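Colleague: pasting the sequence and the predicted coordinates here, then a few questions.
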Amino acid sequence: MTAKMFLSQARWLDKRIDVKQEQVDRLRALATRITPTRGDVQVAGSGTVRSMEDLVAKIHKLEAEINAAIDMIINMKVKIAAVIAEVEEPLHRDVLEWRYLAGMSWENVAQQMNYSQRQVYTLHGRALLAVEKECSKMQFNL
C-alpha cells in the first residue's frame, strides 16, 4: 500500500457511509409510501405487511453497517492523524490534514493555504514522501 492509499482510506470509508446513508433515506421514504391494510381482517401473507417487514429489516441492516463503518473511520483517522503528526514540515502536515482528515477538495486546500493548486500538488508530493519516511521510522507498514 502506498502512502496516498493509506491516507485515502478515511475518505473512501466516508464516501461509503454517505452512499449507505442515502440508501437508508430512500428506504425510509419508500416505507412511508406503503399504506397499511385497513380493517379488522388479517389476511394471511399480506404483501403490504411483508414489504414493510422487509424494509424495516433492510433499514436496520444498513444502519448497523453504517455504525460499523463509522467505528472503522474513527479508528482509521486516529492512525492517520498519528502518522501526520510525525511529519516535520508544518506545510506538509497542513496539506495532509486538510486533504485527508478534513476531506477538503484540492481547490479548498489551495484557498486555505493561499497557494495555487499546482503549489499544493507539489507540497502534497513532498508530504507523501515524508509520510513514507515516518511510517518506516515508526515501523508501520503501508
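Modeller: Nice, thanks for sending it over. Numbering: from 1, shown residues only.
Colleague: would you mark the buried spots in stretch 13-27?
Modeller: By 16 or more other Cβ atoms under 10 Å, the buried positions in stretch 13-27 come out as 13, 17, 20, 24, 27. Placement of C-beta: from N, CA and C, glycine included.
Colleague: any idea how far residue 129 is from the residue nearest to residue 84 when sequence neighbours are not counted?
Modeller: In space, and not counting its chain neighbours, residue 84 is closest to residue 96: 4.7 Å by Cβ to Cβ, 6 or more residues apart in numbering. Distance from residue 96 to residue 129, counting by Cβ to Cβ, to the nearest Å: 12 Å.
Colleague: of the two, who's got more company?
Modeller: Between residue 96 and residue 129, counted using other Cβ atoms under 10 Å, residue 96 has the larger neighbour count: 26 against 13.
Colleague: so what touches the strand or helix carrying the more buried one?
Modeller: Per DSSP states H and E: residue 96 is located in helix 90-96. Helix 90-96 is touched from outside by 7, 84-85, 87, 109, 112-113, 120, 123-124, 126-127, 130-131, with contacts defined as Cβ atoms under 8 Å, 6 or more residues apart in numbering.
Colleague: in helices only, show me these.
Modeller: In helices, judged by DSSP state H, the following of the contacts of helix 90-96 are found: 7, 84-85, 109, 112-113, 120, 123-124, 126-127, 130-131.
Colleague: let me know the closest of the residues you listed to residue 55.
Modeller: Closest to residue 55 out of these is residue 7 (37.4 Å), distances taken as Cβ to Cβ.
Colleague: now do the same contact list for the closest residue to that closest one other than its chain neighbours.
Modeller: The shortest distance from residue 7 to any non-neighbouring residue, by Cβ to Cβ, 6+ apart, is to residue 100 (4.3 Å). By Cβ under 8 Å, 6+ apart, the contact set of residue 100 is 7, 8, 10, 11, 80, 84.
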